[in-house]
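Novice: Structure here, sequence nowhere to be found:
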């Protein structure tokens with residue numbers, strides 16, 4: 001939060017009111033695996049789940065020191081944490097990651113499938129390598145991790161002492177699962193595919209008491225999109241797309257993940273939760289188009 005204050009001060013912007021929320025241990029006794037958890041939204045999700053009482057497996061593919069920092073933060077709140085290197089697009093590495101997590105904690109109750117990437121280019125210049133890189137991480141990676149999670153949930157079944165569900169899967173999608181994005185065709189296609197994978201999987205496994213949902217962030221202040229918010233001019237341009245007139249903070253996504261993983265949302269199945277300040281309201285039409 002101190003970083004957020006200094007950012008808005010440097011930008012000479014009014015600081016948004018993001019309510020402080022006391023950590024509630026809604027996930028006590030559970031274990032979560034978060035992919036792409038060493039930075040940005042994944043980091044915030046991992047820390048929020050830990051603060052809510054879950055043990056957390058912190059997945060990373062680069063910068064292990066950042067992953068260890070996240071794990072240390074989780075441990076400081078009294079929860080277990082381990083870091084695991086795995087490329088989510090590699091089947092063997094994903095299977096090894098889940099096996100290591102089960103050995104360490106006995107089972108997994110929550111999967112936050114967050115790892116994602118962009119490789120942007122005009123469509124006519126986009127290479128097969130750029131297309132495949134995004135699809136392999138954003139869509140194939142989601143499939144591989146969700147498949148291992150479902151296998152573990154089915155093996156173990158419901159543990160009523162910790163949750164009324166056998167397991168929870170939360171995908172990190174994007175507003176671009178519904179909003180077209182010129183110049184980012186591979187990314188938008190991956191998120192559109194993720195949306196229908198999520199819904200189809202939710203339909204298939206709901207009777208097994210496995211809940212599958214997505215979070216779709218809009219404009220969130222992360223290093224990956226710094227060009228869109230790091231100057232006053234860029235920020236003003238970005239706000240044309242956000243009716244609520246402020247950028248989102250990663251902690252807001254983390255709190256939403258805790259809510260989706262908790263029994264408070266046990267009847268929420270196959271839904272995308274848009275956290276976007278109204279971006280999906282298409283603000284270009286706010287004056288009638």
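Specialist: Alright, I've got the coordinates. Everything numeric in this text was worked out from a predicted model, so none of it was measured.
Novice: what's next to the one helix or strand residue 59 maps to, contact-wise?
Specialist: Residue 59 is located in strand 55-60, with elements delineated by DSSP states H and E. Strand 55-60 is contacted from outside by 30-38, 42, 46, 49-50, 66-67, 70-71, 74, 79-86, 88, 97, 100-101, 104-105, 108, 115, using Cβ atoms under 8 Å, 6 or more residues apart in numbering. Where you see a C-beta, it was placed from the backbone N, CA and C, and this is true even at glycine.
Novice: So which of the residues you listed are in helices?
Specialist: 42, 46, 49-50, 66-67, 70-71, 74, 97, 100-101, 104-105 (DSSP state H).
Novice: just the buried members of these?
Specialist: 42, 46, 49-50, 66-67, 70-71, 74, 97, 100-101, 105 (16 or more other Cβ atoms under 10 Å).
Novice: Just put those residues in TSV and tack on pLDDT.
Specialist: Below are those laid out as TSV (pLDDT from 0 to 100):
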residue	pLDDT
42	98
46	98
49	98
50	98
66	97
67	98
70	98
71	98
74	98
97	98
100	98
101	98
105	98
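Novice: Next, format those as TSV and append distance to residue 175.
Specialist: Rendered in TSV, the data for these read as follows (distance: Cβ to Cβ, whole Å):
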residue	distance to residue 175
42	18
46	22
49	23
50	27
66	26
67	27
70	25
71	30
74	28
97	29
100	34
101	30
105	33
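Novice: Of the residues you listed, just say which sits nearest to residue 279.
Specialist: Minimum distance to residue 279 across those is 20.6 Å, recorded for residue 42 (Cβ to Cβ).
Novice: Is it correct that the closest one is in contact with residue 35?
Specialist: Yes - the criterion here is Cβ atoms under 8 Å, and residue 42 meets it with residue 35 at 6.7 Å.
Novice: shared neighbours, the two?
Specialist: 59, 112, 114, 115.
Novice: among those residues, who's most crowded?
Specialist: Using other Cβ atoms under 10 Å as the neighbour criterion, residue 112 leads the shared contacts of residue 42 and residue 35 with 34 neighbours.
Novice: and it, what helix or strand is that in?
Specialist: Residue 112 belongs to strand 110-113 when elements are defined using DSSP H and E.
Novice: Output the contacting helices and strands for that strand.
Specialist: For strand 110-113, the elements it packs on are strand 31-34, helix 40-51, helix 141-156, strand 167-172, helix 250-261, judged by 3 or more Cβ pairs under 8 Å, 6 or more residues apart in numbering; DSSP states H and E.
Novice: any idea of the mean pLDDT in it?
Specialist: For strand 110-113, mean pLDDT rounds to 98.
Novice: With stretch 269-289 instead?
Specialist: pLDDT averaged over stretch 269-289 gives 90.
Novice: Name the residues that touch it?
Specialist: Here stretch 269-289 has contacts from 173, 175, 177-179, 195, 198-199, 202-203, 206, 211-220, 240-248, 252-253, 256, 260, using Cβ under 8 Å, 6+ apart.
Novice: ok, the residue nearest to residue 222 when sequence neighbours are not counted - contacts?
Specialist: Spatial nearest neighbour of residue 222, excluding adjacent residues (Cβ to Cβ, 6 or more residues apart in numbering): residue 40 at 3.9 Å. Shown in contact with residue 40 (Cβ under 8 Å, 6+ apart): 220, 222, 223, 224, 250.
Novice: How about residue 48?
Specialist: Contacts of residue 48 (Cβ under 8 Å, 6+ apart): 251, 254, 255, 257, 258.
Novice: got it, and residue 242?
Specialist: Per Cβ under 8 Å, 6+ apart, neighbours of residue 242: 218, 219, 276, 277, 278, 279, 283.
Novice: Most neighbours among those, which one is it?
Specialist: In terms of neighbour count, residue 277 stands highest of the contacts of residue 242 at 24 neighbours, by other Cβ under 10 Å.
Novice: Check for me that that one belongs to a strand.
Specialist: No - going by DSSP: H, G, I helix; E, B strand; the rest coil, the assignment for residue 277 is coil, not a strand.
Novice: re earlier: filter the contacts of stretch 269-289 down to just the ones in helices.
Specialist: The helices, defined by DSSP H, take in 195, 198, 199, 202, 203, 252, 253, 256, 260 from the contacts of stretch 269-289.
Novice: secondary structure element for the residue nearest to the fourth one when sequence neighbours are not counted?
Specialist: If you skip the residues right next to it in sequence, residue 202 has residue 270 as its closest partner in space, 3.4 Å away by Cβ to Cβ, 6+ apart. When secondary structure is defined using DSSP H and E, no element contains residue 270, which sits outside every helix and strand.
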